[in-house]
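In: structure for this input, please:
(2 chains)
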There are 2 protein chains.
Amino acid sequence: MINVAVLGYGVVGSGVVEIIKKNGMSISEKAGQKICVKKILDIRDFPDSPDRDLITKNPEDIFEDPSIEIIVETIGGAGVAYKFTKDALSKGKHVVTSNKELVATHGPELLKLAKENNVNYLFEASVGGGIPIIRPLNRCLAANEIYRITGILNGTTNYILSQMKREGKDFDEALKEAQAKGYAEADPTADIEGHDACRKIAILSSIAYNEFVDCNNIYTEGISKISLEDMKYAESMNSTVKLIALSEKVGDKIAARVSPAIVKNSNPLYNVENVFNAIIVKGDAIGDVMFYGRGAGKLPTASAVVADVIEIVKHWGTSGGYDWQVKNQDNIIDINDTETKFFVRLKVKDEYSAKEAVGKVFGDVEWVKMCGDGLKDELAFVTGKTSEKKHKRLFETIGEHDSVIQIINTIRVLGD
Amino acid sequence: MINVAVLGYGVVGSGVVEIIKKNGMSISEKAGQKICVKKILDIRDFPDSPDRDLITKNPEDIFEDPSIEIIVETIGGAGVAYKFTKDALSKGKHVVTSNKELVATHGPELLKLAKENNVNYLFEASVGGGIPIIRPLNRCLAANEIYRITGILNGTTNYILSQMKREGKDFDEALKEAQAKGYAEADPTADIEGHDACRKIAILSSIAYNEFVDCNNIYTEGISKISLEDMKYAESMNSTVKLIALSEKVGDKIAARVSPAIVKNSNPLYNVENVFNAIIVKGDAIGDVMFYGRGAGKLPTASAVVADVIEIVKHWGTSGGYDWQVKNQDNIIDINDTETKFFVRLKVKDEYSAKEAVGKVFGDVEWVKMCGDGLKDELAFVTGKTSEKKHKRLFETIGEHDSVIQIINTIRVLGD
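Out: Sure thing, here's the model as predicted:
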């Protein structure tokens, strides 16, 4: 029998306990040994919980108990969770987590510590909730050189954008609804501004390219500037707006970003609606593979945590941990040096001369008309593909032109 | 260093050799040891192949060589491949294969033999080509009770149906084109009649439900009876026709079938076009997860084979083989006892009295009108959900009615 302790009896932690109880028989069968939750650490009281007898407020009950060999960390954040994880690994206990912030921030150190202590630090649940992605990327696609990852990695923002598209709600209204349904937190910044997706693409990239990718170096832009009008323009291009996290191998460096993007209906990500997540991985042998499912939620995320626990028990004695080498702190290409196309909306005084100015500044562009009535005093177009640095200059130039009142928005266009 | 031998230097076999050469460095890094192809067995001559020095016609060069510890079997079929696999496992050599026929037919025996000899028999490449599905199902979703699998598992038929839908080609024309492009074999029976998909759903079901599911007990119907008109009717229902393989846990038994089915545009499988495959797995914790990618082809399939080889080397010494218990030979529910809805097309003499007869025989039905002009002397409708046995009786009754000339086609409707 293998004893597990769960740190943090919140949404995911209580889900882990629930799944181990509910599917205990088949889990033990698959793991080859019985798996048992011996202790749960939480500073709160849960007098009505069926698990109340397992709950302790004293970390020593767990860390000083040699019979507890696997720690499930579902506290979140990079504070006390960081300390507990180091303690556990140092004491030779395996750690399984859903904590993307911790993995993205301290991954290399914690993986090294795990290796030194011959234990595993596993985090399948940190990206894509219950969607199997970490292990497939690391194992099943191991014969491939992976050179691109494109994903919808945040369920909250995808829900908001889906509501804007389908129900014609504006951003604020859709955000409020997401909060009411429990899909967005009271302080939704980490989701809305793209930080959550950024941590996840950093983790996936670190695995795919076999070197640590620091989320602090990834350009990140959220969805709060996306309006209903942008969405309608996208529709008129047989496209939609999604928060896209992507990374790509370019020579020995990596181009990566998180930003809203115009996604064509021929792209499988176009159809990913509401709280669903999807990740497209491109490898030299396999071509495109897509993984799709619920990217968050109690039981999906908990099931990924438990799968990691089973994996450790099944391969007891062999440490199969990942190793993230910090090869190059400077491995991310400056966003200004990456190339993309932009969708641009201008508020204009005089349509005719503004059109002429756009032609002079941007060269050939694709003009975009909104379905239905269109908007007065507006011009919209898609630029050619060139560097972001050059785009910035072009945006400045057109913004200063006499015929242009303001640049309403600029949104990147997702390439093929 | 670990030596590998490849049996069968065909499409997949030569792809395996190519990938191990091309991505050798990173493969060795991931596996923890260098992986080397020492011999290739084939009865044919390949004087111009870069691998000609490795090719032998003598199986003893491989089976009697103790330095060869992993055998890649890409011969296909259940003849000589069966014998070679047994020989290899008996001699304590690991076997990796893409051979779905062999796995579906002799899986339990070969897995047992592998276990007895402390080696692995792995077959990630047997389903979904390069799409990671076997290992995710077995490992990543291990915390779930899985209760349904629905998939597009055959690229050839999906290509043909996509061409019918998109290009308006009829079945024969689309088949010929698939053959010309190398997507269908000269004798396309195994693909067209659903046998290939049937073997694959049998393999997936055996893993998901942890007991052997015999493909011979699964009801299988191909796509050769699907016409352009059927496709147009489907379109008018915001649906399309796909060859769907599915299996579902019902109590302690399994309902399974392979057949053409009407698939709504709200189902993610609707958008799976051409040679792509997709598999939706439903688990009690995770809900729906989908895996999507190229279901066939040299390098995608070979990359899955090589991933299995890496897996064995990485966990050298621990046999992580699957075990398929033959719990119950009679574990598949008779197709007649399963429930479904049918889309039905009738050729009628007299529309009014035929409609009345349909109402009397089938009760409430959804009438379907083809977009555009529609067809003369035809009635089309979707029945309510009831057993296939009862459907057969109702089809007989309506077929014999005075107002009905013939039943043109009946196609199952994929449920939610």
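In: CA-only coordinates of whatever helix or strand residue A:6 lives in in PDB, if you can.
Out: Taking DSSP states H and E as the criterion, residue A:6 maps to strand A:2-7. Below are the C-alpha coordinates for strand A:2-7, written out as PDB (Å, rounded to 0.1, in the frame of the first residue of the first chain):
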ATOM      1  CA  ILE A   2       1.200   3.500  -0.900                       C
ATOM      2  CA  ASN A   3       0.200   6.400   1.400                       C
ATOM      3  CA  VAL A   4      -0.500   9.800  -0.100                       C
ATOM      4  CA  ALA A   5      -1.000  13.200   1.600                       C
ATOM      5  CA  VAL A   6      -2.900  16.000   0.000                       C
ATOM      6  CA  LEU A   7      -1.800  19.600   0.700                       C
END
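In: so what are the sheet partners of that strand and their directions?
Out: With DSSP bridges as the criterion, the sheet partners recorded for strand A:2-7 are strand A:35-41 (parallel), strand A:68-73 (parallel).
In: phi, psi for the closest residue in space to residue A:1 that isn't next to it in sequence please.
Out: Take residue A:1 and drop its neighbours on the chain: the residue closest to it by C-beta to C-beta, 6 or more residues apart in numbering or on different chains is residue A:34, 4.4 Å away. Heads up, the C-betas are built off the backbone N, CA and C, glycines and all. The phi and psi torsions at residue A:34 (degrees, to the nearest 10) take the values phi -70, psi 140.
In: residues near residue A:34, how many?
Out: 14 (other C-beta atoms under 10 Å in any protein chain shown).
In: tell me who's in contact with it.
Out: Residue A:34 makes contact with A:1, A:2, A:24, A:28 under the criterion C-beta atoms under 8 Å, 6 or more residues apart in numbering or on different chains.
In: filter those residues to the buried ones?
Out: The neighbour-count test (16 or more other C-beta atoms under 10 Å in any protein chain shown) applied to those identifies A:2, A:28 as buried.
In: quick check: the farthest pair among the contacts of residue A:34?
Out: Comparing all pairs in the contacts of residue A:34 by C-beta to C-beta, the longest separation belongs to A:2 and A:24, at 12.3 Å.
In: identify the contacts common to those two.
Out: Counting by C-beta under 8 Å, 6+ apart, the residues touching both residue A:2 and residue A:24 are A:34, A:35.
In: how about residue A:26, secondary structure?
Out: Classification of residue A:26 into helix, strand or coil gives helix, according to DSSP: H, G, I helix; E, B strand; the rest coil.
In: can you map out the helices along chain A?
Out: Along chain A, the segments classed as helices by DSSP state H run A:11-22, A:24-31, A:60-63, A:80-90, A:100-116, A:134-135, A:155-167, A:171-180, A:189-192, A:195-208, A:228-236, A:298-314, A:351-362, A:388-399.
In: can I get the CA coordinates of stretch A:126-133 in CSV?
Out: Backbone C-alpha positions of stretch A:126-133 (Å, rounded to 0.1, in the frame of the first residue of the first chain) are rendered in CSV as follows:
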residue,chain,number,x,y,z
SER,A,126,-0.8,22.0,-14.5
VAL,A,127,-1.7,22.4,-18.2
GLY,A,128,-5.1,21.7,-19.8
GLY,A,129,-6.8,20.4,-16.7
GLY,A,130,-7.6,16.8,-17.3
ILE,A,131,-6.5,16.7,-21.0
PRO,A,132,-3.5,14.4,-21.3
ILE,A,133,-0.8,16.7,-22.7
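In: can that stretch be found next to chain B?
Out: Yes - judged by C-beta under 8 Å from any C-beta of the partner chain, stretch A:126-133 and chain B are in contact via A:130, A:131, A:132.
In: now do the last one against residue B:309, distance only.
Out: So that's residue A:132. 20 Å (C-beta to C-beta, to the nearest Å).
In: outside of stretch A:220-238, which residues touch it?
Out: Counting by C-beta under 8 Å, 6+ apart, stretch A:220-238 makes contact with A:157, A:160-161, A:164-165, A:168-171, A:192-195, A:197-198, A:240-241, A:243, A:257-260, A:262, A:264-265, A:343, A:345, A:368-372, A:375, A:380, A:382, A:408-409, A:411, all of which sit outside it.
In: pLDDT weak spots in the stretch 251-400 of chain A?
Out: Residues of the stretch 251-400 of chain A meeting the criterion pLDDT under 70: A:318-322, A:373-374.
In: and the nearest residue to residue A:388 once chain neighbours are set aside, how far is that from residue A:409?
Out: In this structure, residue A:388 finds its nearest non-sequential neighbour in residue A:336, 5.0 Å apart by C-beta to C-beta, 6+ apart. From residue A:336 over to residue A:409 the distance is 19 Å, taken as C-beta to C-beta.
In: between those two, point out the one with more neighbours.
Out: Just comparing residue A:336 and residue A:409: by other C-beta under 10 Å the higher neighbour count belongs to residue A:409, 18 against 12.
In: list the contacts for the more buried one?
Out: The contact partners of residue A:409, taken as C-beta under 8 Å, 6+ apart, are A:225, A:226, A:227, A:230, A:344, A:345.
In: now do the nearest residue in space to residue A:136 that is not next to it in sequence, the pLDDT please.
Out: Nearest residue to residue A:136 in three dimensions, chain neighbours excluded: residue B:132, at 4.0 Å (C-beta to C-beta, 6+ apart). Residue B:132 carries a pLDDT score of 92 in this model.
In: burial count for residue B:132?
Out: With neighbours defined by other C-beta under 10 Å, the count for residue B:132 comes to 29.
In: what's the answer for the one 10 residues further on, then?
Out: As a burial measure, the neighbour count of residue B:142 was computed by other C-beta under 10 Å and equals 25.
In: now do residue A:229
Out: 16.
In: so it versus residue B:255, what's the distance?
Out: Computed with C-beta to C-beta, the distance linking residue A:229 and residue B:255 is 49 Å.
In: ok, residue A:37 next?
Out: Taking C-beta to C-beta as the criterion, residue A:37 is separated from residue B:255 by 34 Å.
In: same thing with residue A:306?
Out: Residue A:306 is 27 Å from residue B:255, where distance means C-beta to C-beta.
In: which one of those two is surrounded by more residues?
Out: Residue environment comparison for residue A:306 versus residue B:255 gives the larger neighbour count to residue A:306, 31 against 21, counting by other C-beta under 10 Å.
In: so that one sits against residue A:16, correct?
Out: Yes - counting by C-beta atoms under 8 Å, residue A:306 sits close enough to residue A:16 to count as a contact (6.0 Å).
In: what residues does the stretch 51-200 of chain A have near chain B?
Out: Going by C-beta under 8 Å from any C-beta, the residues of the stretch 51-200 of chain A near chain B are A:124, A:130-132, A:135-136, A:139-145.
In: do that again at 6 Å, thanks
Out: Within the stretch 51-200 of chain A, the positions adjacent to chain B are A:130, A:131, A:132, A:135, A:136, A:140, A:142, A:143, A:144, A:145 by C-beta under 6 Å from any C-beta of the partner chain.
In: tell me how far the residue lying closest to the last one once chain neighbours are set aside lies from residue A:144.
Out: Take residue A:145 and drop its neighbours on the chain: the residue closest to it by C-beta to C-beta, 6+ apart is residue A:284, 4.6 Å away. Note on residue A:284: its distance to residue A:144, by C-beta to C-beta, is 6 Å.
In: more crowded one of these two?
Out: Regarding residue A:284 and residue A:144, a neighbour count based on other C-beta under 10 Å identifies residue A:144 as having more, with 28 against 15.
In: quick revisit: just say which of the strands paired with strand A:2-7 is most tucked in.
Out: Among the strands paired with strand A:2-7, judged by mean count of other C-beta atoms under 10 Å in any protein chain shown, the one packed with the most neighbours on average is strand A:68-73 (a mean of 25).
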